[in-house]
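A.B. asks: Quick one, what's the 3D model for this:
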Amino acid sequence: MIELSTHDTTWFLVLTGLIVGLTLGSFTTMLTYRLPRRQSIVSPPSSCPHCNMRLKVRDLVPVFSWLFAGGKCRYCHTPIGARYLLIELAVALSVMAAFWGLGFSLLLIPALLTILFVIAYLTILIEKK
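C.D. replies: This is a model prediction of the structure:
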């Protein structure tokens, strides 16, 4: 059996938190765009709000897609607000902290849901003004 040191366990938790956080961050950006517009969060698939081109998997990689495309739509080159990048990073960092602080405990799931809810709610509230 392989034993992990505390240092290895911490890095594993932080890396797992980063991956989960980026994924939840991407989901949060979708929520903050669609919910105020009373759009379905299930369908249609994500598309550019300017040219309506359906986004491909490579366009949906949290943080990296925005950075590699230079903050613009790959298809019509319309600027994409930094809000997407900032929300994804905020969620990712918060989730990493939750993983680091709570580990794989029973409190982790409610913590992740709270992070997602609070950041989505605050974003919608700020953008409403």
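
A.B. asks: Let me know how buried the spatially closest residue to Gly71 that is not a sequence neighbour is, in neighbour terms.
C.D. replies: Distances taken as CB to CB, 6 or more residues apart in numbering put Ile80 closest to Gly71, at 5.5 Å, once the chain neighbours are dropped. All C-beta atoms are positioned from the backbone trio N, CA, C, and that covers glycine. Ile80: 20 surrounding residues under other CB atoms under 10 Å.

A.B. asks: For this protein, which segments are assigned as helices?
C.D. replies: For the chain, the helices defined by DSSP state H occupy 6-34, 64-68, 83-102, 108-128.

A.B. asks: tell me the most buried of those?
C.D. replies: Compared across the helices of the chain, helix 83-102 shows the largest average neighbour count, a mean of 20 (mean count of other CB atoms under 10 Å).

A.B. asks: quick one: the residue nearest in space to the middle of the chain from Phe64, how far?
C.D. replies: Among the residues of the chain, Gly25 comes closest to the average C-alpha position under CA atoms, centre = their mean, at 1.1 Å. Distance of Gly25 to Phe64, computed by CB to CB, to the nearest Å: 12 Å.

A.B. asks: With Leu85 instead?
C.D. replies: Using CB to CB, Leu85 is found at 10 Å from Phe64.

A.B. asks: and if you look at Val20?
C.D. replies: Look at Val20 and Phe64: by CB to CB, they are 16 Å apart.

A.B. asks: Equivalent analysis for Leu31, please.
C.D. replies: Separation of Leu31 from Phe64 (CB to CB): 20 Å.

A.B. asks: Equivalent analysis for Ser40, please.
C.D. replies: As for Ser40, its distance to Phe64 is 26 Å (criterion: CB to CB).

A.B. asks: End to end on stretch 52-70, go ahead and measure it.
C.D. replies: Counting by CA to CA, to the nearest Å, you get 19 Å between the two ends of stretch 52-70.

A.B. asks: can you pull the contacts of Ser46?
C.D. replies: By CB atoms under 8 Å, 6 or more residues apart in numbering, the residues touching Ser46 are 30, 54-55, 59-60.
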